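Undergrad: With the sequence up front, the predicted model follows.
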Amino acid sequence: MRVAIPVSRTSVVVAAAVLGLLAVAAVATLCLGRLGLAPADLLAALARGPADAKQAFVLERLRGPRLVVAVGTGAALGLAGALFQAVTRNPLASPDVIGLNSGAGAGAAFAVLMLPGVLPAPLGALAGAVAAMALVYVATGSGFRNPGRLVVAGIGVHAISSAFTQYVVYAVERDRAAALTAYVNGSLSARSWEHAATIWAVLLAVVPLVALLSRRLTAAELGDELAASLGARPQGTRVAAVGLSIVLSAGAVAVAGPVAFIALTAPQIARRMTRLPGPHLTLAALVGALLLVLADLAAQHAPIPGNLPVGIYTLAVGGLYLGYLLTREWKKGSL
Amino acid sequence: MSTPTGLSARGLTISYGDRTVVEDVDLDLPDGGLTMIIGPNGCGKSTLVKALARVLKPARGKVLLHGRDLWEYRAREAARHVALLPQNPIAPEGITVGALVGRGRFPHHTLLRQWSPQDEGAVAFALERTGLRDLAGAQAGLLSGGQRQRAWIAMVLAQQTGLLLLDEPTTFLDIAHQYELLELCRELHEDGRTVVAVLHDLNQAARFATHLVVMDAGRVVAQGPPAEVLTAELVSSVFGLACDIVPDPRAGTPMVVPHTRGRIGSPDIR
């Protein structure tokens, strides 16, 4: 993804480093634990197919799809956050802040608890996410053009969706409500190749459009007036970027539920890693993938009883790292 | 009506919602001239230059670029003819001066034609012209006010347009840097560009402009050579300031000497 300025060596080096870490985390996902493959077997199994039924089960049913879903979902969320933050010029904005995740939660709650058996949870979540974003679009009065109104309307929609979820959970019996909690936090357990195909299809469709948009996003960084005088049509760019960001997040919600914090932190971490200007789209996607795979590793292997859903860990991992970076900058006085 | 120049306006009206800010303006910016637009706060100067740069769409009337409606051009095509430096551009965090200037090359790029030797050349020329060659690698955020403003000028220069619009380029600069910037504007105009600047200081405008445009309440009330346009009556009626106009002792251009209260022979400030 090229921008108007030749890609700098720093960003290539940083991207390669993140990719390397991602590879290590991926190998760990497949090899750790009682069911993990021995690292030596992994290479052979990937090259020539699984040697036995246990390897086949782990690679093809248990951890393989889960890993592919985690990478795709993390990348989609990282990219969604980078797009959203670039056009709202707000480092604390992301689709989850304007109610996409809580809309998805409300949709899932409605599908699972009010209409059991009619609509599966992921489809309910998708419908909820789309409905929430439609509500935001209408409530701003100007579509996705004004970043300030977008955030204010989004916070309102977020509150409404959360209240709706609470109501639904209260309205049904307690044991049925418990089935929902894992989903509402975002989970990667028991993912299939269909989930993987879904999120990667979304990425495949959206990434070329993002690439087409990326140079205009770079111009948009200079402010609306300058971007307009450069011929970069900032309003249209903003609407397109927010739209693509929502499609990516909705795809992520459909396969993994509302995973918190990746969209918010990945672009921030990417920016601080390179210390360069520009929306770090590629790097944010890679960092998002790394964060989610790491969080999922923690979800699978942390010595905490009760198998917490991965969304809890993304909060912890991403939040701690962002907190560390913010404190560091605070101390240096650059914040 | 006269033949339109490179950039002109016909019956131009611009509104924000139902508030009309610029009304029925006819304007021909002289080709190769250094035009300065003056007028009291809120008279619509900034709005006018934004419309001339295709940033604001007219409610009625037209901006003509080489005789053709500016909005008939594709956005990027128009941006290869007209550049605007707005009042408050945003320098992205962590950007170097060279990279910032390179952002001006946006309208010259397409999907197939990305960064090229021509871009390098345009950036090098713009840095050289604004005296920033040695600061190309410096962080834009760490520049002094005067240097920063020159870096922004370099950015719009790298856009390589025949027309350059500057919205209050001297605001926030100390007096020495104001004149440094005005000299730069004059040099850019002497290079053959059509330069247009919104300015607050009447004496500076009169001294540097080849063509003066005076606005009041959204309309152009006078335009022409500073010596003909800038009269005591005009300053009184547009700015509500009683004054004498004397020749600038250095340049011979009209200079505004305001009357102040309490002196003999200067009875009123309206």
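TA: Yep, it's here. Numbering: from 1, shown residues only, chains lettered A, B, ... in the order given.
Undergrad: State the distance from residue A:312 to chain B.
TA: When distances are taken as C-beta to the nearest C-beta, to the nearest Å, residue A:312 and chain B turn out to be 32 Å apart. Bear in mind the C-beta positions are built from the backbone N, C-alpha and C, glycine included.
Undergrad: so that residue is in which element?
TA: With elements taken from DSSP states H and E, the one containing residue A:312 is helix A:310-332.
Undergrad: Can you list the neighbours in contact with that helix?
TA: Among residues not part of helix A:310-332, those counted as contacts by C-beta atoms under 8 Å, 6 or more residues apart in numbering or on different chains are A:70, A:185-189, A:256-262, A:264-266, A:268-269, A:272, A:291-292, A:294-296, A:298-299, A:302, A:335.
Undergrad: Buried subset of those, written for ChimeraX?
TA: Of the contacts of helix A:310-332, the buried ones can be selected in ChimeraX as follows, counting by 16 or more other C-beta atoms under 10 Å in any protein chain shown:
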select /A:70,185,186,187,188,256,257,258,259,260,261,262,264,265,266,268,269,272,291,292,294,295,296,298,299
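Undergrad: returning to that earlier point: now the helix holding residue A:312, how far from the chain's geometric center?
TA: Averaged C-alpha coordinates place helix A:310-332 at 16 Å from its chain's average position (C-alpha atoms, centre = their mean, to the nearest Å).
Undergrad: just stretch A:121-135 next, same as before
TA: Computed by C-alpha atoms, centre = their mean, the separation of stretch A:121-135 from the middle of its chain amounts to 16 Å.
Undergrad: wait, isn't residue A:154 in contact with residue A:99?
TA: Yes: Residue A:154 is in contact with residue A:99 according to C-beta atoms under 8 Å; the separation is 4.9 Å.
Undergrad: where do the contact lists of those two overlap?
TA: With C-beta under 8 Å, 6+ apart applied, the overlap between the contact sets of residue A:154 and residue A:99 consists of residue A:136.
Undergrad: For the stretch 1-150 of chain B, which segments count as helices?
TA: Listed in chain order, the helices of the stretch 1-150 of chain B (DSSP state H, counting those that start in this stretch) span B:45-52, B:75-79, B:97-102, B:117-129, B:145-158.
Undergrad: Among those, which comes closest to residue B:245?
TA: Ranking these by proximity to residue B:245 (C-beta to C-beta) places helix B:45-52 first, at 21.2 Å.
Undergrad: Report all helices and strands that the closest one contacts.
TA: On a contact count with 3 or more C-beta pairs under 8 Å, 6 or more residues apart in numbering or on different chains; DSSP states H and E, helix B:45-52 meets strand B:7-16, strand B:19-29, strand B:34-38, strand B:82-85, strand B:163-167, strand B:194-198.
Undergrad: So for that helix, mean pLDDT?
TA: What helix B:45-52 shows for mean pLDDT is 96.
Undergrad: Which positions in it come out as buried?
TA: Neighbour-count burial for helix B:45-52, counted by 16+ other C-beta under 10 Å, picks out B:45, B:46, B:47, B:48, B:49, B:50, B:51, B:52.
Undergrad: Name the nearest of those residues relative to chain A.
TA: residue B:50 (6.7 Å; C-beta to the nearest C-beta).
Undergrad: looking at the helices of the stretch 1-150 of chain B, which is closest to residue A:85?
TA: Ranking the helices of the stretch 1-150 of chain B by their distance to residue A:85 (criterion: C-beta to C-beta) puts helix B:97-102 first, at 19.6 Å.
Undergrad: tell me what that closest one is packed against?
TA: Packed against helix B:97-102 by the contact rule (3+ C-beta pairs under 8 Å, 6+ apart) you find helix B:117-129, helix B:145-158.
Undergrad: neighbouring contacts of that helix?
TA: Contacts with helix B:97-102, where a contact means C-beta under 8 Å, 6+ apart, come from A:4-5, A:277, B:91-92, B:115, B:119, B:123, B:126-127, B:132, B:135-140, B:143, B:151-152, B:154-155, B:157-158.
Undergrad: at 6 Å what do you get?
TA: Helix B:97-102 is touched from outside by A:5, B:123, B:126, B:132, B:135, B:136, B:138, B:140, B:151, B:154, B:155, B:158, with contacts defined as C-beta atoms under 6 Å, 6 or more residues apart in numbering or on different chains.
Undergrad: and the longest helix along chain A, how far from the chain's centre?
TA: With residue count as the measure and DSSP state H as the assignment, chain A has helix A:193-220 as its longest helix. For helix A:193-220, the distance between its averaged C-alpha position and the chain's averaged C-alpha position is 13 Å (C-alpha atoms, centre = their mean).
Undergrad: what about it, average pLDDT?
TA: When pLDDT is averaged along helix A:193-220, the result is 92.
Undergrad: ok, now stretch B:183-203?
TA: Here the mean pLDDT over stretch B:183-203 is 95, rounded to a whole number.
Undergrad: okay, the helices of the stretch 1-150 of chain B, which one's buried deepest?
TA: Most buried of the helices of the stretch 1-150 of chain B, by mean neighbour count (mean count of other C-beta atoms under 10 Å in any protein chain shown): helix B:97-102, with a mean of 26.
Undergrad: wait, what's in contact with residue A:264?
TA: Residues in contact with residue A:264, defined by C-beta under 6 Å, 6+ apart, are A:81, A:94.
Undergrad: do you know which of the helices and strands packed on helix B:45-52 lies nearest chain A?
TA: When those are compared by C-beta to the nearest C-beta, strand B:82-85 sits nearest chain A, at 3.8 Å.
Undergrad: Can you name every helix or strand that the closest one contacts?
TA: Under the contact definition 3 or more C-beta pairs under 6 Å, 6 or more residues apart in numbering or on different chains; DSSP states H and E, strand B:82-85 sits against helix B:145-158, strand B:163-167.
Undergrad: For the closest residue to residue A:103 other than its chain neighbours, give its distance to residue A:92.
TA: Counting by C-beta to C-beta, 6 or more residues apart in numbering or on different chains, residue A:132 is the residue found nearest to residue A:103 once chain neighbours are left out, at 2.4 Å. Shown here: residue A:132 relative to residue A:92, a distance of 19 Å by C-beta to C-beta, to the nearest Å.
Undergrad: Looking at these two, which has the bigger crowd around it?
TA: With other C-beta atoms under 10 Å in any protein chain shown as the criterion, residue A:132 and residue A:92 differ in neighbour count, and residue A:132 comes out ahead with 29 against 10.
Undergrad: you'd agree that one is in a helix?
TA: Yes: assigned with DSSP: H, G, I helix; E, B strand; the rest coil, residue A:132 falls within a helix.
Undergrad: hang on, the earlier thing: now, which of the buried residues of helix B:45-52 sits nearest residue A:220?
TA: Sorting the buried residues of helix B:45-52 by distance to residue A:220 puts residue B:50 at the head of the list, at 16.8 Å, by C-beta to C-beta.
Undergrad: Let me see the contact set for residue B:119.
TA: By C-beta under 6 Å, 6+ apart, residue B:119 lies in contact with residue B:105.
Undergrad: now do 7 Å
TA: Taking C-beta atoms under 7 Å, 6 or more residues apart in numbering or on different chains as the contact definition, residue B:119 lies against B:102, B:105, B:108.
Undergrad: is it true that residue A:67 touches residue A:29?
TA: Yes: the pair residue A:67 and residue A:29 qualifies as a contact (C-beta atoms under 7 Å) at a distance of 4.8 Å.
Undergrad: between these two, what contacts are shared?
TA: residue A:293.
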